[in-house]
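In: what would the 3D arrangement of this be:
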Amino acid sequence: MSKALGLLSGGLDSSLAALALKRQGVDVTGISFATPFFGTGRASKAAKQMEIPLIVQDISTIHLEMVKNPRYGYGKNMNPCIDCHAMMFRLAGEIMDKEGFDFLFSGEVLGQRPMSQNATALKSVAKHSGFPNRILRPLSAKLLEVTTVEEQGLVDRDQLLDIQGRSRKPQEALAKEWGLIEYPSSGGGCLLTEKSFSNRLRDLLEYNPAATPIDAELLKAGRQFRLSETAKLILGRKQADNERIKELIHPEHIILRADNFSGPLGLVSGSSTEAEIETAAALVAGYGKGRDEQEVKILLERDQETWELTVAPTSMEEARGLLIE
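Out: Numbering: from 1, shown residues only. I've put the predicted structure just below:
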């Protein structure tokens with residue numbers, strides 16, 4: 001029995017690719033990577049439903065560095081899909097060699113995405129990964145060149161598929177036939193494909209090329225305000241944002257909250273002047289319950305230092321001028 005390690009996002013395509021191999025007797029294991037831009041929750045649910053093992057690996061640092069300067073560039077937004085897929089295959093390939101798997105696979109479908117899943121792009125991914133002869137795309141295999149994996153008899157090409165294009169109807173029909181009951185709707189798996197998030201990331205990398213995974217995580221924690229070229233404010237939209245901000249605090253961050261009014265938690269990152277900190281305090285006041293007051297006391301904390309500022313709440317019109325959208 002051959003052993004395959006597959007990139008498992010938890011979406012319909014990657015799940016069907018795993019099942020296509022499992023149904024012909026291949027010993028299938030999934031691998032899911034975590035970054036600030038996508039997680040492993042959907043993959044965990046899919047692996048459990050299909051009763052296959054799942055390897056989870058956090059690649060936040062190496063992935064962010066690739067996103068900053070992708071060899072093949074970006075898609076419509078900040079999504080470097082070709083580079084990303086190649087990186088994941090490369091990392092999975094290292095585990096394949098170490099753990100004794102025979103080949104790698106994914107749920108990529110020929111023609112599903114014009115830029116990153118055409119025949120040329122699929123070849124580029126395989127070549128750039130470092131494992132060009134050990135990658136199989138089960139869902140479109142019959143439309144692609146015969147792979148070394150097939151030539152070696154590790155899989156039966158006749159039992160592979162010939163799906164292509166953007167329609168999900170063939171996949172949905174297979175899911176029903178094969179008893180795959182739960183799967184997410186298309187899209188939504190990667191924040192880099194979303195316009196609003198990409199705008200935030202583009203701003204972050206423009207002003208902070210040395211941004212870390214923590215900086216990227218903070219992009220998801222509420223409203224983002226550009227205070228200057230060297231400073232920005234993250235302002236929670238809801239309690240969950242406030243809690244996430246608390247989890248991501250570093251000693252160099254400044255934390256702000258209103259003293260006598262409920263409202264958002266603020267975090268200033270980067271190098272900020274006194275005037276910029278005061279602007280941040282006014283924004284915290286403007287989005288809190290004390291927004292209609294003449295003045296609001298704001299409590300500030302950085303590492304072991306605490307102090308107070310009394311500020312006039314910022315108007316929504318002023319705030320919109322600083323908001324990163």
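
In: going forward, measure contacts between C-alpha atoms and count neighbours the same way
Out: OK.

In: the residue nearest to the spatial centre of the chain: what's it in contact with?
Out: The C-alpha lying nearest the average C-alpha coordinate of the chain belongs to residue 37 (C-alpha atoms, centre = their mean; 1.8 Å). Remark: with contacts taken as C-alpha atoms under 8 Å, 6 or more residues apart in numbering, residue 37 is in contact with 190-192.

In: next, give phi and psi for it.
Out: Main-chain torsions, residue 37, degrees, to the nearest 10: phi -100, psi -20.

In: residue 224 - how many residues pack around it?
Out: 24 (other C-alpha atoms under 10 Å).

In: determine the three-state secondary structure at it.
Out: Assigned with DSSP: H, G, I helix; E, B strand; the rest coil, residue 224 falls in the strand class.

In: SS state for the residue nearest to it when sequence neighbours are not counted?
Out: Leaving out its chain neighbours, the residue that sits closest to residue 224 by C-alpha to C-alpha, 6 or more residues apart in numbering is residue 234, at 4.8 Å. Secondary structure, three-state DSSP: residue 234 is strand.

In: do I have it right that residue 234 meets residue 270?
Out: No: taking contacts as C-alpha atoms under 8 Å, residue 234 lies outside contact range of residue 270: 11.3 Å.

In: the longest helix anywhere in the chain packs against which elements?
Out: Counting residues, the longest helix found in the chain (DSSP state H) is helix 81-99. In terms of contacts (3 or more C-alpha pairs under 8 Å, 6 or more residues apart in numbering; DSSP states H and E), helix 81-99 is packed against strand 3-7, helix 60-68, strand 103-105, helix 119-129.

In: so which of those gets nearest residue 227?
Out: helix 60-68 (22.3 Å; C-alpha to C-alpha).

In: in the closest one, which residues are buried?
Out: By 16 or more other C-alpha atoms under 10 Å, the buried positions in helix 60-68 come out as 60, 63-64, 67-68.

In: excluding chain neighbours, what is closest to residue 64?
Out: residue 213 (6.8 Å).

In: residues in contact with that neighbour?
Out: Contacts for residue 213 (C-alpha under 8 Å, 6+ apart) come out as 35-36, 60-61, 64.

In: tell me which two of those residues sit farthest apart.
Out: Spatial extent of the contacts of residue 213 (C-alpha to C-alpha) is set by the pair 36 and 61 at 9.3 Å.
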